[in-house]
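Asks: here's my sequence, what's the structure:
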Amino acid sequence: MPHSLARFSVEDVQALGAALRALPASAGSIETEAQRLAETLYAELVDDDGAPACALVRVYATRRFESLDQELQDFAAAVLGETPAPTVQCLKLLGTAGDEPDWNDRARSQGHRAIPLPSEQFVERLPMVAQLVRRLGLDIGVVVTPPEGADALRLSQSANDVFHVPEALGSPYLPAQEGFVEPHRIASAVGFGGIMLSGDFFAVLLFSHVPVDEATARTLKILGQVVRQRFLPFTQAVAVRA
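Replies: Have a look, this model is predicted:
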């Protein structure tokens, strides 16, 4: 059942969270799970006319450079300008759904398939990523150097805040103004996520045609816990391998 993002309520987030939890368990990969989550959020969040409220929904998580396939390693190296060290964390696009055909296949993403995060200083040069991490209540350091053991467990059980850009037009945190915000009528952006049991960082980003106020953004952040639960089977496997 679709939910109006313009009139999103606690009842809506509870129903949407229940729908996400009720999705059949994925027997594939975390990418398969993330793609299904992105597609569900894109379909279920609508405007008052019943059309998709979000221009784009994206799901990310950090992964070591050495764990990426060769194509993504080449992509990350091109972004950095050199080959990252094997243990460098990269913000990997796991799932995507949106208005444009290319936005429904992560392999066709033009600039955000695998973003290397070699240092806190480098992350500071990425306005949206740096602000996303901070607004979720995390230090950039825990994204660059994932927590382990008890620290990872503690952070994976913590409630996180929300990344919210109420007015996308002209925002310094959404630098792709001419290529994305303006032509695709992006009104607001919302992000939620946190740290997984493996110590990796994850985030869901919604780029909405519909203005999203602070109350709605704070309601949406509840979905972060649902996504973390959906990812748990995959993050446990990562933790065991480590």
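Asks: quick one: which helix or strand includes Leu37?
Replies: helix 30-44 (DSSP states H and E).
Asks: what is the least confident helix or strand in the protein?
Replies: helix 223-241 (a mean of 78; mean pLDDT, DSSP states H and E).
Asks: run a quick neighbour tally on Arg230.
Replies: Neighbours of Arg230 under the rule other C-beta atoms under 10 Å: 19. For the C-beta atoms, the positions are set from N, CA and C on the backbone; glycine is no exception.
Asks: surely it is in contact with Leu23?
Replies: Yes: counting by C-beta atoms under 8 Å, Arg230 touches Leu23, with 7.4 Å between them.
Asks: which residues are in contact with both of the two?
Replies: Shared contacts of Arg230 and Leu23 (C-beta atoms under 8 Å, 6 or more residues apart in numbering): Leu37.
Asks: residue with max distance from the center of this protein?
Replies: Asp49 (26.2 Å; C-alpha atoms, centre = their mean).
Asks: that one falls within a helix, correct?
Replies: No: Asp49 is assigned coil when assessed by DSSP: H, G, I helix; E, B strand; the rest coil, not a helix.
Asks: measure the closest residue to Gly194 other than its chain neighbours to Ala61 for me?
Replies: Leaving out its chain neighbours, the residue that sits closest to Gly194 by C-beta to C-beta, 6 or more residues apart in numbering is Asn160, at 4.1 Å. To Ala61, Asn160 is 14 Å away according to C-beta to C-beta, to the nearest Å.
Asks: please say which of the two ends up with more neighbours.
Replies: A side-by-side neighbour count of Asn160 and Ala61, using other C-beta under 10 Å, places Ala61 first with 26 against 20.
Asks: across the sheet, point out what pairs with the more buried one.
Replies: Lys92, Phe202 (DSSP bridges).
Asks: got the contact list for Gln14?
Replies: Contacts of Gln14 (C-beta under 8 Å, 6+ apart): none.
Asks: next one: it, what pLDDT does it get?
Replies: Looking at Gln14, its pLDDT reads 97.
Asks: list phi and psi for it.
Replies: phi -70, psi -40 (degrees, to the nearest 10).
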